[in-house]
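**Student:** below are the sequence and a predicted model for it; my questions follow.
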Amino acid sequence: QKEVEQNSGPLSVPEGAIASLNCTYSDRGSQSFFWYRQYSGKSPELIMFIYSNGDKEDGRFTAQLNKASQYVSLLIRDSQPSDSATYLCAVSRIFGNEKLTFGTGTRLTIIP
Amino acid sequence: KAGVTQTPRYLIKTRGQQVTLSCSPISGHRSVSWYQQTPGQGLQFLFEYFSETQRNKGNFPGRFSGRQFSNSRSEMNVSTLELGDSALYLCASSLGRTANEKLFFGSGTQLSVL
């Protein structure tokens, strides 16, 4: 079992709809959760992070964390063609200087 | 403020050769992490350096090594290259004070091993 799992997609969503990206993790000691966006041929860019159970909203993006079920999700409202990218989920332990463990990413395509 | 700079951008080597990749972090950042990205495995952590010391290490063979200089610039070396080492190598920098800081990634070095 991979430490961080994501559906590789591609996930196709109509423009203006809500895109829902999911991630599960195996290490119950994980405390910090990140979503990175990576455009084709570009480097990853942090778009959201969440530490506590529940929802965290930032503009059109909402991160949701459920530690009991060991999953974290990213919702993108009012999806735009510019949201088409690969979304990487990453987790780390909060104690010490542990490395970030990434999932393999979900490729999202917004259809105009 | 300049971003993370990686050189070279592209590299072609043959099996058995060795290669050195360079990463200059954002000014003031003391932590540099290296990742290998391949289509099948995604982003895999190689190692992290902070103040010239390796602070974390991933599960890669000893052929992969790195170092960090006093100005925080970092180099990664791969010896005895194998075909499977073909990948995008990304470095990321951060202030390095906690594990949860934002990582800033460079554009990467695309390594092809023939």
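**Tutor:** That came in fine, so what should we check first?
**Student:** what's the closest non-adjacent residue to B:S93?
**Tutor:** Closest residue in space to B:S93, ignoring its immediate chain neighbours: B:P25 at 3.2 Å, by CB to CB, 6 or more residues apart in numbering or on different chains. In short, each C-beta sits where N, CA and C put it, glycine included.
**Student:** neighbours of that neighbour, just the number please.
**Tutor:** Neighbour count for B:P25, taken as other CB atoms under 10 Å in any protein chain shown: 28.
**Student:** nearest residue to the middle of chain B?
**Tutor:** Centroid check for chain B by CA atoms, centre = their mean gives B:W34 as the closest residue, at 3.1 Å.
**Student:** near chain A, which residues of chain B? Just list them.
**Tutor:** Residues of chain B found near chain A (CB under 8 Å from any CB of the partner chain) are B:33, B:35, B:40-45, B:48, B:50, B:55-56, B:58, B:90, B:96, B:98-100, B:102-103, B:105-108.
**Student:** what segments of chain B are helices?
**Tutor:** In chain B, no segments count as helices under DSSP state H.
**Student:** just the strands in it please.
**Tutor:** Here chain B has its strands, by DSSP state E, at B:5-7, B:10-13, B:19-24, B:31-38, B:42-50, B:53-57, B:64-68, B:74-78, B:87-94, B:104-105, B:109-113.
**Student:** A:T86 is nearest to which of those strands?
**Tutor:** For A:T86, the closest of the strands of chain B is strand B:42-50, at 9.4 Å, according to CB to CB.
**Student:** returning to what we had before: list the contacts for the residue nearest to B:S93?
**Tutor:** Residues near B:P25 by CB atoms under 8 Å, 6 or more residues apart in numbering or on different chains: B:4, B:31-32, B:72-74, B:91, B:93, B:104.
**Student:** out of these, which end up buried?
**Tutor:** Buried by 16 or more other CB atoms under 10 Å in any protein chain shown: B:4, B:31-32, B:72, B:74, B:91, B:93, B:104, out of the contacts of B:P25.
**Student:** show me which pair in those is furthest apart.
**Tutor:** B:S74 and B:F104 (13.5 Å).
**Student:** counting neighbours, what do you get for A:I47?
**Tutor:** For A:I47, the neighbour count with other CB under 10 Å is 19.
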